[in-house]
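Engineer: Quick one, fold the following:
(4 chains)
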2 protein chains.
Amino acid sequence: MMPTIKDVARIAGVSTATVSRAMISPDKVSEKTRLKVESAIAESGFSPNVMARNLRRSESKTVVVIVPDIANMFFANIVRGIQAVALQAGYKVLLGDSIHTVEQAKVYLDLISSKQADGVISLTAELPKEIRQGTTIPMVMACEYFPSFPIPTVRVDNQLAAKNAIEYLVSIGHRKIGCISGPKQNPICVARKDGYQQALEQAGLSLSEQAFEEGDFSFQSGYSAFMNMSNHEDMTALFCFNDMMALGAMKAALQQGVKVPDDLSIVGFDDLAFAEFASPALTTIRQPQEEIGRNAMKVMLKRFNGDRVNFDTVISTQLLVRSSTAPPKT
Amino acid sequence: MMPTIKDVARIAGVSTATVSRAMISPDKVSEKTRLKVESAIAESGFSPNVMARNLRRSESKTVVVIVPDIANMFFANIVRGIQAVALQAGYKVLLGDSIHTVEQAKVYLDLISSKQADGVISLTAELPKEIRQGTTIPMVMACEYFPSFPIPTVRVDNQLAAKNAIEYLVSIGHRKIGCISGPKQNPICVARKDGYQQALEQAGLSLSEQAFEEGDFSFQSGYSAFMNMSNHEDMTALFCFNDMMALGAMKAALQQGVKVPDDLSIVGFDDLAFAEFASPALTTIRQPQEEIGRNAMKVMLKRFNGDRVNFDTVISTQLLVRSSTAPPKT
DNA sequence: GTGAAAGCGCTAACAA
DNA sequence: TTGTTAGCGCTTTCAC
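Structural biologist: As a prediction, the model looks like this:
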């Protein structure tokens, strides 16, 4: 049997309360007894039962992170950022894969009411409707969000990022810039499309004369979108709303004998580890994933502390120009 | 304040013991009281405090999964498999990223002694030395292992898988089959190399006359290994110990003007989602990741139940022939 | 079938 | 500075 605080108290010749104090706030205990307790702990191999502690303090020191798809690389580094900050603050991270379903998300949200978690960081907006009306659950959203969502959010400026990417393409001479978007009702996609359109208009181009397809963020959908693209005869550049679709489109292009970047420049969004490894290496908009994660957890911690939190933390993106973009052939 | 079991008991007009029974073993309670309790639970919005329950039963219903690198896609689907089985059995999964360090791994192992977790599934062998001597911690290894490790392991037959891959290359006419291995002290790599060598010898070829480089499983190392490869003048095929390195080598080959598969066939190991998406699509040995995960968790559950467990569960692999391999040009 | 009561291991008033 | 005591919310004997 594992030794308990009682055993330590007996060995050290003090009360359990003193042992507890020696662990939690060593300064509230005399140097001498602290040492006695410490050696008693070492001698017995005692390790506090965190469940009992948490029960008593009615907290769990755990945050749940809801990801829509654990196998989607984009989330991995965000989770890593969250973990880093959480661990340092003495919190554990319970990773919940909602598999893009509201039901699964609910399962993880319920961990709050059963006191198994103190807060939730959601990387998906696929959440029960009730939540959207506002909730008392300590919650932070990252990346995904709803406009005017009454919940603190950490995200990038999707509109600006898209605008910058298009401005870059325009600046190196492109005039026919197609687009493969994500699901069009997704707020992220709305913002990106806005930025895309804005940059076009600024350059005297119009959205309506560009090739435009909608995908679902998957590699496969990028591939199909490219294959199905109409109005792309003189398209010299293609902006994709994420890297996976960009990679899918790139593969489709290659298969069709379209050379990247000679015949077609391709720009992605996210900067997955793989973007760099593609052939050619993908020009993309980097979302600093770890930083987003770290910030989300920081907001969570503030919320736990009762501090005032920013309801909208915007992390800056960066256009990484690699080998998939080049000026159009005249 | 959240309602407790007492509130429910009061509303239902029964004792807390009965409420508890009604939840845990409804058959031990009369139909009538069961219904009373159920409606009282609904009325109050009660949700049991799992920490209190766990404290009382001294279990946590949580397993920790230690991964060496959360951003490594290979592990994602294994974790997903673990989650699926765990959830169904009422267990939570705490994901611990050890970042390839023994210290971090220790942090997660300590969750056991502090009663925050009931068991550990480790996807890495980078563990404290003490553990290797055997441990009382309920533990299961997946993929990685130590030979004659006194801990239940779920893995693939690395030797056989490698052998099959080489036999396939031989069967379509290859005679000069290079290899990019992983860290050579890694048991997995030892096994794969054995299989490689065995198949060569069986075909009347010798290891010593093949190009051979060692990498560290990263994309970058695959790339460099290819660039540094000596004795590869007439090499027509290349076997890489994982997909990441295969993809790295493929990129290097492309850059050198070596056409895949025309000039060089490339075979990987793992079957990452990306293997299929590469250009050309990568021929590789599929490790059924989810299945490995599911099995690991099943072994864990058996262990929890006190059932006898298999100390070595071997999951079968499959050679997926895609577009990166072809007969050599004569 | 149900209730009373003890107690899981810990922390936090309150006293001393 | 330290000890005494109560109790976090639940489950589980042991009676009835």
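
Engineer: list the buried ones in stretch A:97-113?
Structural biologist: Applying a neighbour-count criterion of 16 or more other C-beta atoms under 10 Å in any protein chain shown, the buried positions in stretch A:97-113 are A:97, A:98, A:99, A:104, A:105, A:108, A:109, A:111, A:112, A:113. Backbone N, C-alpha and C define where each C-beta goes, glycine included.

Engineer: mind listing the strands for the stretch 151-300 of chain A?
Structural biologist: In the stretch 151-300 of chain A, the strands defined using DSSP state E, counting those that start in this stretch lie at A:153-156, A:177-181, A:212-214, A:237-240, A:265-270, A:283-286.

Engineer: Direction-wise, compare the longest one with strand A:177-181 and give the angle.
Structural biologist: Okay, so that is strand A:265-270. 30 degrees (axes from the mean of the first three to the mean of the last three C-alpha atoms, to 10 degrees).

Engineer: And strand A:265-270, how far out from the chain middle?
Structural biologist: Offset of strand A:265-270 from its chain centre (C-alpha atoms, centre = their mean, to the nearest Å): 19 Å.

Engineer: So which elements touch that strand?
Structural biologist: When contacts are defined as 3 or more C-beta pairs under 8 Å, 6 or more residues apart in numbering or on different chains; DSSP states H and E, strand A:265-270 packs onto helix A:158-171, strand A:237-240, helix A:243-255, strand A:283-286.

Engineer: which residues does residue A:286 contact?
Structural biologist: A:270, A:271, A:317, A:318, A:319, A:320 (C-beta atoms under 8 Å, 6 or more residues apart in numbering or on different chains).

Engineer: which ones are touching the second one?
Structural biologist: Yep, that's residue A:271 we're talking about. Residues A:243, A:284, A:285, A:286, A:287, A:289, A:320 are the ones in contact with residue A:271 under the rule C-beta under 8 Å, 6+ apart.

Engineer: What is the burial count for the nearest residue to residue A:278 once chain neighbours are set aside?
Structural biologist: Among residues not flanking residue A:278 along the chain, residue A:247 sits closest, at 5.8 Å (C-beta to C-beta, 6 or more residues apart in numbering or on different chains). Using other C-beta atoms under 10 Å in any protein chain shown as the criterion, residue A:247 is surrounded by 27 other residues.

Engineer: Would you map the helices across chain A?
Structural biologist: For chain A, the helices defined by DSSP state H cover A:5-12, A:16-24, A:31-44, A:50-57, A:73-88, A:102-113, A:129-132, A:158-171, A:187-202, A:219-228, A:243-255, A:273-277, A:289-305.

Engineer: Dump those to a markdown table, plus distance to residue A:120.
Structural biologist: Below are the helices of chain A laid out as a markdown table (distance: least, C-beta to C-beta, whole Å):
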| stretch | distance to residue A:120 |
| --- | --- |
| helix A:5-12 | 31 |
| helix A:16-24 | 27 |
| helix A:31-44 | 34 |
| helix A:50-57 | 17 |
| helix A:73-88 | 11 |
| helix A:102-113 | 6 |
| helix A:129-132 | 9 |
| helix A:158-171 | 23 |
| helix A:187-202 | 19 |
| helix A:219-228 | 29 |
| helix A:243-255 | 26 |
| helix A:273-277 | 27 |
| helix A:289-305 | 9 |
